[in-house]
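> How does the following fold in three dimensions:
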Amino acid sequence: MEIHYYTDKVLNVGVSQMTIDGFSVNVYDVERCVCDAVKFRNKVGMDVCSEIINNYLERPERNISRLMDYARTLRVSAILEKYLEVKL
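Numbers count the residues shown, from 1 in each chain. Take a look at the predicted model:
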């Protein structure tokens, strides 16, 4: 088990509320999940991270500007830009 401390600004990036079986649940959107995969790429594996980015870029509803806004807030923009330069 690992404990991570986040500021409210970082913790609430990309959060939306959904109701599941009558319970209100906070869920991260796709762009936040991509940024988290890049941030923890050494833990999840480089191949998994690359596949996540590829799958995101294939989505018709992708939002690159939102992705880069999140990446700046989560401090992974330089790394994500390198991935996007190669992929796009």
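
> Give the other helices and strands that the longest helix seen in the chain contacts.
Counting residues, the longest helix found in the chain (DSSP state H) is helix 46-58. Secondary-structure packing of helix 46-58 (3 or more CB pairs under 8 Å, 6 or more residues apart in numbering; DSSP states H and E): helix 30-39, helix 77-87. Heads up, the C-betas are built off the backbone N, CA and C, glycines and all.

> The shortest one: what's the following helix or strand?
Per DSSP states H and E, the first helix or strand lying C-terminal to helix 30-39 is helix 41-44.

> May I see the buried residues of that following helix?
Residues Arg41 are the ones in helix 41-44 that count as buried (16 or more other CB atoms under 10 Å).

> same question, stretch 62-79
67-71, 73-74, 76-77.

> picking that back up, let's test this: mean pLDDT of the longest helix of the chain, rounded?
The average of the pLDDT scores along helix 46-58 is 96.

> and if you look at stretch 76-88?
Average pLDDT, stretch 76-88: 93.

> For that stretch, C-alpha coordinates in CSV please.
C-alpha atoms of stretch 76-88 as CSV (Å, rounded to 0.1, in the frame of the first residue of the first chain):
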residue,chain,number,x,y,z
VAL,A,76,3.4,15.7,-17.5
SER,A,77,3.0,18.0,-20.5
ALA,A,78,6.7,17.7,-21.7
ILE,A,79,6.5,13.9,-21.7
LEU,A,80,3.1,13.8,-23.3
GLU,A,81,4.1,16.3,-26.0
LYS,A,82,7.0,13.9,-26.9
TYR,A,83,4.6,11.0,-27.2
LEU,A,84,2.2,13.1,-29.3
GLU,A,85,4.9,14.3,-31.7
VAL,A,86,5.8,10.7,-32.5
LYS,A,87,2.2,9.5,-32.8
LEU,A,88,0.7,12.4,-34.7
